[in-house]
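1. Got a predicted structure plus its sequence, pasted below:
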Protein chains: 2
Amino acid sequence: MLVMPPMQEPTFLVLTALTGEPLHGYGILQQVTALSGGTVVLGAGTLYGALDRLTEQGLIAVEREEAVDGRLRRYYRLTDEGAGRLSVEVERLRRNANAAAAGLRRRATGNVTLPGLA
Amino acid sequence: MLVMPPMQEPTFLVLTALTGEPLHGYGILQQVTALSGGTVVLGAGTLYGALDRLTEQGLIAVEREEAVDGRLRRYYRLTDEGAGRLSVEVERLRRNANAAAAGLRRRATGNVTLPGLA
DNA sequence: CCGCGATATTACGTCAACCGTAACGTAGGA
DNA sequence: TCCTACGTTACGGTTGACGTAATATCGCGG
């Protein structure tokens, strides 16, 4: 109940986008597109849903609100807890990637036996 | 419509478990538990749901069926397409992990500026 | 001898997250 | 004028994961 590891790509990238300076929703949208090399383009529903959820979980927080030309800009920043959570996720991704890569390599070299584990 | 990248952890681990020899459902359950270091324990619903889905997508295939003590064992193997798909996922995970790690490092060192991207 | 855990799969119902799109409003360029 | 960029809100829909129970055989401990 105190754990809740698995995080999907959009959520992960939102946190990643906020490791830099605080950004508002639209800025996050662009940042995510940029750091995914254009392969991930979040829809509005996904983005703002994630922001509400992450705020509620304390992984991000509202930094400030600005009004530009009557358009609202709500800036979010990554909390320390969010940064901690993100680094846990990074380890999980690396671990999974390595396990799969090892399996694929074994397969490619014809070695079929599976070792127990690390 | 020809693309369908994002894959969640359970699905990813099922494919990873099958990079070795063909396994039946219950064997996959154990293998996933093992290679995740015990942190991921799939429920029956998740596992068999994933197997049906992946079979339908052609990423895995039924190798053979066996009956042991009246208990059915359906063995699955990873298809070439599944292996290809898995390696694509590996790259995606690594890319995301690296992007997040870079951001966290910058944050830790006080450097706040975000570079464009790789 | 009875219950429990391991072995294996099927079959639910539920929920969280993602997806897509429309709506609302300003502003600037083709 | 229409379309795009900006920026957020508000839906409805789909999917994958989750949890648990049903079914059935077997072996072990009490």
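-> Now that the structure is in, tell me what you want to look at. Residues are numbered from 1 along each chain as shown, chains lettered A, B, ... in the order given.

2. CA atoms for contacts and neighbours, from now on please.
-> Fine.

3. Please, where are all the helices along chain A?
-> If you assign secondary structure with DSSP state H, the helices in chain A sit at A:9-17, A:25-35, A:44-56, A:80-108.

4. how about the second one: buried residues?
-> Within helix A:25-35, the residues scored as buried using 16 or more other C-alpha atoms under 10 Å in any protein chain shown are A:25, A:28-35.

5. restrict those residues to those near DNA strand D?
-> With C-alpha under 7 Å from any atom of the strand as the criterion, the members of the buried residues of helix A:25-35 in contact with DNA strand D are A:Gly25.

6. Name the stretch among the helices of chain A that sits most buried.
-> Ranked by mean neighbour count, these are led by helix A:9-17 with a mean of 22 (mean count of other C-alpha atoms under 10 Å in any protein chain shown).

7. between that one and helix A:80-108, how big is the angle?
-> For helix A:9-17 and helix A:80-108, the angle between their directions (axes from the mean of the first three to the mean of the last three C-alpha atoms, to 10 degrees) works out to 120 degrees.

8. quick one: contacts of helix A:9-17?
-> For helix A:9-17, contacts defined as C-alpha atoms under 8 Å, 6 or more residues apart in numbering or on different chains pick out A:28, A:31-32, A:35, A:40, A:42, A:46-47, A:50, A:60, A:78, A:82-83, A:86, A:89, B:6, B:96, B:99-100, B:103.

9. close to chain B, is the least confident helix or strand in chain A by mean pLDDT?
-> The helix or strand of chain A with the poorest confidence is strand A:60-68; it has a mean of 92 (mean pLDDT, DSSP states H and E). No - Strand A:60-68 is not in contact with chain B by C-alpha under 8 Å from any C-alpha of the partner chain; minimum separation 14.1 Å.

10. Output the contacting helices and strands for that strand.
-> If you count contacts as 3 or more C-alpha pairs under 8 Å, 6 or more residues apart in numbering or on different chains; DSSP states H and E, strand A:60-68 packs onto helix A:44-56, strand A:71-78.

11. redo that, cut-off 6 Å
-> Here strand A:60-68 touches strand A:71-78, going by 3 or more C-alpha pairs under 6 Å, 6 or more residues apart in numbering or on different chains; DSSP states H and E.

12. Centre of the chain to the strand it packs on, how far?
-> Taking the mean of its C-alpha atoms, strand A:71-78 sits 17 Å from the chain's own mean (C-alpha atoms, centre = their mean, to the nearest Å).

13. Please save the CA atoms from it in CSV.
-> Taking Å, rounded to 0.1, in the frame of the first residue of the first chain, the C-alpha atoms of strand A:71-78 are listed here in CSV:
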residue,chain,number,x,y,z
ARG,A,71,-3.9,32.8,-21.0
LEU,A,72,-3.2,31.0,-17.8
ARG,A,73,0.2,29.4,-17.2
ARG,A,74,0.5,27.0,-14.3
TYR,A,75,4.1,26.1,-13.6
TYR,A,76,5.1,22.8,-12.1
ARG,A,77,8.3,21.7,-10.4
LEU,A,78,9.6,18.3,-9.5
